[in-house]
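J.: how would this look folded up:
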Amino acid sequence: MESIEDETTAFAALVVRHLSARGENDVEYDEDEFALYSGDLVLNLHNIFRETRALDAEERDARISWYLDALQGARDPEPGWASARPALRPVLRPNSFGMGVPELDMRPVARPAFPFVDEMVAIDMPDSRSIVSYATLERWGITADEVFAAARENLGAMVGFTGIKEPGILQFVDDGDGYCASWPLVPGWLAGSGDGVQPVVAFIPDVDTLIIAPSGAELDDVFEVVEEQYRDAVRPISPQGYTVDGGGAVIPLDRSPAHRHLPAVQRARCGLAVTEYDAQAQLLNEIVERDFEFTPYDIESAYVASVMYGHGDNGPYTMTVWGEGVDYLLPEADYVAFCRNDENGELERLFEVPFPAVAELAGLTPIPDLLPHRYEIRAWPDTETLAKLQAAAVSP
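T.: Down below sits the predicted model:
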């Protein structure tokens, strides 16, 4: 089995071949930074490597070509604030997007939109599209709030703030300029969509697709289609449905009381959590293998715990494990299973506790600036805390 170093080196060589075919022959590879340099062009390979890692050779080549096409304008001077402002558009990306970029100032400017999904801002120029970074923000001399507000304002002017006044199930596929997956970010857009009688549910399986359906419709078939599309997407966003609360704010469907116990809703919520925590774990492990620490989170190495999918009497749920004698970066799941070795050295599962109770009783606080949330665990609970945790145990 190939090591991560072998995989990344082979991937860099593949991108170099693509660049050579485009006439870029003076390319240098920086293994430590996982980046390619050609004159003043810098290609950080972390995101494109993660996005294409599971694709077959033909799909991977096509994705790399698309990536390099998007970078054609990278050598041109980045537009100033005055010229860039009308070209700003909000975009949705997973929490892990940009996490592997070593330079903090080159990471995308991001804020949480939904669980596991961030809002970022693209500069949509005629021949290129780039994501606003913290370095760009500093150069422009403006705040992140100003950038987000301008991007939403621009998109609202394109699509309108009152939504789509049509009944039934509708699907929109982006042609490259429509930003349909971002329409629910426009204030009032989703609340104003539909027949005006019942709220609608929006689905955003990937960066190019938006599906809206009446909340009163039979949604199981829609969830199945969305899950498959999300699973197969090169640039996935979410398998969840999203609706609006009483104030018109967009929320995940599992947080709407009318759909709280719908199995398809919970399955989508749990599937998204498992997928995105897996993606984050892969990136964190790549970072610590490269830097011997979790740069830039200023924490020592630890086991990056996974999130598991389960199904009980109350429907789907997520679970993670806290074991005795192991340092963890613990993810936030529905339940935490406490385990330790018995006197014979066999692993013993003690009990399961809802995560909110674990966080309160064990005094957990999330690692700053890391999304989705993880918690640094360096010790097994003391006897008193363990007793309190056992008293809070439930059966999922």
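
J.: quick one, helices of this structure?
T.: Along the chain, the stretches classed as helices by DSSP state H are 4-21, 46-52, 57-70, 81-84, 134-140, 144-159, 220-232, 263-291, 355-362, 383-391.

J.: Turn those helices into CSV, including distance to residue 171, mean pLDDT and mean neighbour count.
T.: C-beta coordinates here come from the backbone N, C-alpha and C atoms, glycine included. Listed next are the helices of the chain as CSV, based on distance: least, Cβ to Cβ, whole Å; pLDDT from 0 to 100; neighbours: other Cβ atoms under 10 Å:
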stretch, distance to residue 171, mean pLDDT, mean neighbour count
helix 4-21, 33, 86, 15
helix 46-52, 23, 79, 20
helix 57-70, 22, 78, 14
helix 81-84, 31, 92, 14
helix 134-140, 33, 92, 16
helix 144-159, 15, 96, 17
helix 220-232, 9, 94, 16
helix 263-291, 17, 91, 20
helix 355-362, 35, 98, 18
helix 383-391, 46, 97, 13
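
J.: Now that we have these, can you turn them into JSON lines and tack on distance to residue 214?
T.: Below are those laid out as JSON lines (distance: least, Cβ to Cβ, whole Å):
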{"stretch": "helix 4-21", "distance to residue 214": "44"}
{"stretch": "helix 46-52", "distance to residue 214": "33"}
{"stretch": "helix 57-70", "distance to residue 214": "35"}
{"stretch": "helix 81-84", "distance to residue 214": "38"}
{"stretch": "helix 134-140", "distance to residue 214": "40"}
{"stretch": "helix 144-159", "distance to residue 214": "20"}
{"stretch": "helix 220-232", "distance to residue 214": "10"}
{"stretch": "helix 263-291", "distance to residue 214": "15"}
{"stretch": "helix 355-362", "distance to residue 214": "33"}
{"stretch": "helix 383-391", "distance to residue 214": "43"}
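
J.: Between these, which one is closest to residue 108.
T.: Smallest distance to residue 108 across those (Cβ to Cβ): 8.1 Å, for helix 134-140.

J.: What helices and strands are in contact with the closest one?
T.: Packing partners of helix 134-140 (3 or more Cβ pairs under 8 Å, 6 or more residues apart in numbering; DSSP states H and E): helix 144-159.

J.: Output the helix it packs on in CSV with nothing but the alpha carbons.
T.: This file holds the C-alpha atoms of helix 144-159, laid out as CSV (Å, rounded to 0.1, in the frame of the first residue of the first chain):
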residue,chain,number,x,y,z
ALA,A,144,-14.6,40.2,6.2
ASP,A,145,-18.1,41.5,7.0
GLU,A,146,-17.8,44.0,4.2
VAL,A,147,-16.7,41.3,1.7
PHE,A,148,-19.6,39.0,2.7
ALA,A,149,-22.2,41.7,2.6
ALA,A,150,-21.0,42.9,-0.9
ALA,A,151,-21.1,39.3,-2.2
ARG,A,152,-24.6,38.7,-1.0
GLU,A,153,-25.8,42.0,-2.3
ASN,A,154,-24.4,41.2,-5.8
LEU,A,155,-26.0,37.8,-5.9
GLY,A,156,-29.3,39.2,-4.7
ALA,A,157,-29.2,41.7,-7.5
MET,A,158,-28.7,38.9,-10.0
VAL,A,159,-31.4,36.5,-8.7
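
J.: and the residue nearest the centre of the chain, what is it in contact with?
T.: The centre of the chain sits closest to residue 94, judged by Cα atoms, centre = their mean, with a distance of 1.7 Å. Residue 94 sits next to 116, 117, 118, 236, 237, 276, 279 when contact means Cβ atoms under 8 Å, 6 or more residues apart in numbering.

J.: Bridging across strands, which residues link to the third one?
T.: According to DSSP bridges, the residues that bridge with residue 118 are residue 93, residue 112.

J.: That one contacts residue 371, correct?
T.: Yes. Between residue 118 and residue 371 a contact is recorded at 7.2 Å, counting by Cβ atoms under 8 Å.

J.: Quick check: neighbours shared by those two?
T.: What both residue 118 and residue 371 touch, as defined by Cβ under 8 Å, 6+ apart, is the set 95, 112.

J.: Residue 190 is nearest to which of the helices of the chain?
T.: Closest among these, using Cβ to Cβ: helix 144-159, at 11.4 Å.

J.: by contact count, what packs against the closest one?
T.: Using 3+ Cβ pairs under 8 Å, 6+ apart: helix 144-159 touches strand 88-94, strand 117-125, helix 134-140.

J.: Let me have the ones you listed in a markdown table, adding distance to residue 252 as columns.
T.: As requested, the helices and strands packed on helix 144-159 are arranged in a markdown table below (distance: least, Cβ to Cβ, whole Å):
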| stretch | distance to residue 252 |
| --- | --- |
| strand 88-94 | 13 |
| strand 117-125 | 9 |
| helix 134-140 | 28 |
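
J.: so which of the ones you listed gets nearest residue 35?
T.: Nearest to residue 35, of all those, is helix 134-140, at 15.2 Å by Cβ to Cβ.

J.: Show me the contact partners of the closest one.
T.: 78, 80, 81, 84, 104, 105, 106, 107, 109, 143, 144, 147.

J.: For residue 96, the count of nearby residues, please.
T.: Counted by other Cβ atoms under 10 Å, the residues lying close to residue 96 total 22.

J.: So it is in contact with residue 283, correct?
T.: Yes. Residue 96 lies in contact with residue 283 (Cβ under 8 Å); the separation is 5.7 Å.

J.: Quick check: neighbours shared by these two?
T.: Common contacts of residue 96 and residue 283 (Cβ under 8 Å, 6+ apart): residue 50.

J.: Low-confidence regions, the stretch 51-200 of the chain specifically.
T.: Low-confidence segments of the stretch 51-200 of the chain, defined by pLDDT under 70, span residues 69-78, 102, 126-128.

J.: Alright, I will stop here.
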